[in-house]
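Enquirer: Task: produce atomic coordinates for the following.
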Amino acid sequence: MAHFAQIDNNSNEVVNVFVGRDDTVEGIDDWEIYYTTPGFYVKQTSYNTYGNQHKLGGTPFRGNYAGIGYTYDADNNVFIAPKPYQSWVIDETTWLWKAPVDKPADANDEHDTSLPIKEYNWNEDTTAWDLISTWNFNSETDTWEKE
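Expert: Here you go, the predicted model:
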């Protein structure tokens with residue numbers, strides 16, 4: 001079993017992602033070619049690849065698992081998600097979009113219970129991260145509580 005992305009010939013946009021075969025079958029040498037239809041081409045994609053890392057420790061394949069609306073970049077042989085904000089740029093190491101300003105380091109995305117979790121949203125108008133909420137861990141109730 002393998003995953004494949006069906007890509008529009010004109011826009012290089014992924015229009016469908018489907019499960020197909022990747023085993024050896026007499027008379028079929030290339031499943032990408034086999035699944036190609038008029039107006040579209042097909043590229044295999046790895047369900048386990050995100051941010052140019054293989055989540056099971058294997059070799060990353062084509063940057064990211066393809067999704068509908070993603071773009072296939074043939075020059076770099078990677079799938080790229082839709083751009084979330086006009087100011088963001090692609091990181092050519094991870095093939096993920098990156099804000100022009102790093103997210104504040106005190107966000108505590110790892111959920112360290114000794115520190116508050118600070119949630120931020122990107123503000124495209126100011127090209128900055130806005131603090132939207134702060135959560136503290138209550139060890140007596142073993143829950144996170146919003147300030």
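
Enquirer: Helices of the protein, start to end?
Expert: According to DSSP state H, the chain carries its helices in the segments 31-35.

Enquirer: In it, where is pLDDT below threshold?
Expert: Across the chain, nothing is flagged by pLDDT under 70.

Enquirer: need the longest strand for it.
Expert: Longest strand in the chain, counting residues (DSSP state E): strand 128-138.

Enquirer: Which strands border it, and is each parallel or antiparallel?
Expert: Sheet pairing of strand 128-138 (DSSP bridges) gives strand 117-123 (antiparallel), strand 143-146 (antiparallel).

Enquirer: tell me the most buried of those strands?
Expert: Ranked by mean neighbour count, the strands paired with strand 128-138 are led by strand 117-123 with a mean of 15 (mean count of other CB atoms under 10 Å). All C-beta spots, glycine's among them, are computed from the backbone N, C-alpha and C.

Enquirer: Same list (the strands paired with strand 128-138) but as CSV, adding distance to T36.
Expert: Shown next, in CSV, are these (distance: least, CB to CB, whole Å):
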stretch, distance to T36
strand 117-123, 38
strand 143-146, 49
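
Enquirer: just so I know, which of those lies nearest V25?
Expert: Nearest to V25, of all the strands paired with strand 128-138, is strand 117-123, at 46.8 Å by CB to CB.

Enquirer: what about the strands in this structure?
Expert: Per DSSP E, the chain carries strands over the ranges 2-8, 14-20, 40-45, 49-50, 53-54, 71-73, 78-80, 89-91, 96-98, 117-123, 128-138, 143-146.

Enquirer: hang on, the earlier thing: return the distance of the longest strand of the chain from the chain's centre.
Expert: Taking CA atoms, centre = their mean, to the nearest Å, one finds strand 128-138 lying 24 Å from the centre of the chain it belongs to.

Enquirer: Run through the residues that contact the nearest residue to A5 once chain neighbours are set aside.
Expert: The shortest distance from A5 to any non-neighbouring residue, by CB to CB, 6 or more residues apart in numbering, is to A66 (3.7 Å). Neighbouring residues of A66 by CB atoms under 8 Å, 6 or more residues apart in numbering: 3, 5, 14, 17, 43, 45, 72, 79.
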